[in-house]
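Colleague: Generate coordinates for the sequence data below:
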Amino acid sequence: MKRNLLVIGLLLAMSLGAKAQNEGFAFGFKLGPNFGWTGSTTGVAISEGARTGFDLGVVAEYYFADNYAIVTGVNVGFLGGHYSFENARMDSVAGLTKFNVDRYYKTTIYEIPLMLKMVTNELGNAPIRIYAEVGGGIGLAAKKVKVKDAIDGGSHADNWTTTNREFSNLRASLKVGAGAQYAIDESTRLFAGVYFSHDFVNMINYIRPDYCGNYIDDAGNKIEPRDKKLNVLQNRIGIELGVLF
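Modeller: As a prediction, this is how the structure comes out:
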């Protein structure tokens, strides 16, 4: 956490130094809570509820017109999730035994967004402008997981371990957002908004097709193909509070 704050602080200091060189740019920082849950396009993974997390980041805006800007920066997101799916084991006596697996995970995501921001004119005599954003983001995720197998009573349920080959580190998402910004003076603005993010890259590692497309045993050996591939996508809604200079 301290390392993340140091990186963001250095980026913010560099951004503020560059502000004087080009008045078409605005720089600042943001933070706020997020609420994440999983989805699945194949229906194999089942969401087991939402989890709360936290976002912070550096914002860089380039206004190429009075009411339009390109927004980028660096986002660091701390979020979690819980989903379940059906797996299987092969026994010499019982044969193929299917059982449910719970996955609880904690993730730190390092993301670079690229958004188009559209801003209204000031509302009447008040220095308030409404904005909407649309775009996407790409980044890397570092995960810790804990596993609960229903077949053995969840003996590993309380042990967090670092991510294994089951999970992909690549994250790519579609993002939309909206909010309002208030001008304190000619160069400083406060803003508050909400966003929705939806991953379009499977969180399950496609490099390990035996897991993604087949049942496997404890040793990772392929047993038989699943009807559908294991597919997990992260969704989240977040609140953003920040300042631009």
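Colleague: so residue 55 sits in a strand?
Modeller: Yes: checked against DSSP: H, G, I helix; E, B strand; the rest coil, residue 55 lies within a strand.
Colleague: For it, give me its contacts.
Modeller: Listed by Cβ atoms under 8 Å, 6 or more residues apart in numbering, the contact partners of residue 55 are 30, 31, 32, 33, 34, 75, 76, 77, 78, 238, 240. (Each C-beta comes from the backbone N, C-alpha and C, glycine too.)
Colleague: Okay, and the last one sits in which element?
Modeller: When you say that, I think you mean residue 240. Element membership of residue 240, judged by DSSP states H and E, is strand 233-244.
Colleague: just the strands in the chain please.
Modeller: 25-39, 46-47, 51-65, 68-91, 95-119, 128-149, 161-162, 170-183, 189-199, 214-216, 222-225, 233-244 (DSSP state E).
Colleague: Show me which positions of stretch 215-233 end up buried.
Modeller: Across stretch 215-233, burial judged by 16 or more other Cβ atoms under 10 Å covers 215, 216, 226, 229, 230, 231, 232, 233.
Colleague: just the residues you listed now: which is nearest residue 41?
Modeller: Nearest to residue 41, judged by Cβ to Cβ, of the buried residues of stretch 215-233 is residue 231 at 5.3 Å.
Colleague: which one is the closest one nearest to, not counting chain neighbours?
Modeller: In space, and not counting its chain neighbours, residue 231 is closest to residue 42: 4.2 Å by Cβ to Cβ, 6 or more residues apart in numbering.
Colleague: could you measure the one you found against residue 232, distance?
Modeller: 9 Å (Cβ to Cβ, to the nearest Å).
Colleague: likewise residue 94?
Modeller: With Cβ to Cβ as the criterion, residue 94 and residue 232 are 28 Å apart.
Colleague: residue at max distance from the center of the protein?
Modeller: Within the chain, the residue lying farthest from the chain centre (Cα atoms, centre = their mean) is residue 93, at 43.5 Å.
Colleague: Need the pLDDT of that residue.
Modeller: Listed pLDDT for residue 93 reads 71.
Colleague: Could you do residue 151 as well?
Modeller: Looking at residue 151, its pLDDT reads 58.
Colleague: can you start the count at 5 instead of 1 from here on
Modeller: All set: I'll call the first residue 5, so the last point we hit is now residue 155.
Colleague: Who are the contact partners of residue 98?
Modeller: Residue 98 neighbours (Cβ under 8 Å, 6+ apart): none.
Colleague: on that earlier part again, give the ChimeraX command for selecting the buried subset of the contacts of residue 59.
Modeller: Per 16+ other Cβ under 10 Å, the buried members of these correspond to this ChimeraX selection:
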select :34,36,38,79,80,81,82,242,244
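Colleague: I'd like the contacts of residue 59 written out as CSV, with distance to residue 164 and pLDDT added.
Modeller: CSV is the format used below for those (distance: Cβ to Cβ, whole Å; pLDDT from 0 to 100):
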residue, distance to residue 164, pLDDT
34, 28, 98
35, 25, 98
36, 25, 98
37, 22, 98
38, 20, 97
79, 24, 97
80, 20, 96
81, 18, 96
82, 14, 95
242, 24, 97
244, 28, 98
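Colleague: Same list (the contacts of residue 59) but as JSON lines, adding distance to residue 50.
Modeller: Shown next, in JSON lines, are these (distance: Cβ to Cβ, whole Å):
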{"residue": "34", "distance to residue 50": "33"}
{"residue": "35", "distance to residue 50": "32"}
{"residue": "36", "distance to residue 50": "28"}
{"residue": "37", "distance to residue 50": "25"}
{"residue": "38", "distance to residue 50": "21"}
{"residue": "79", "distance to residue 50": "28"}
{"residue": "80", "distance to residue 50": "29"}
{"residue": "81", "distance to residue 50": "23"}
{"residue": "82", "distance to residue 50": "24"}
{"residue": "242", "distance to residue 50": "23"}
{"residue": "244", "distance to residue 50": "30"}
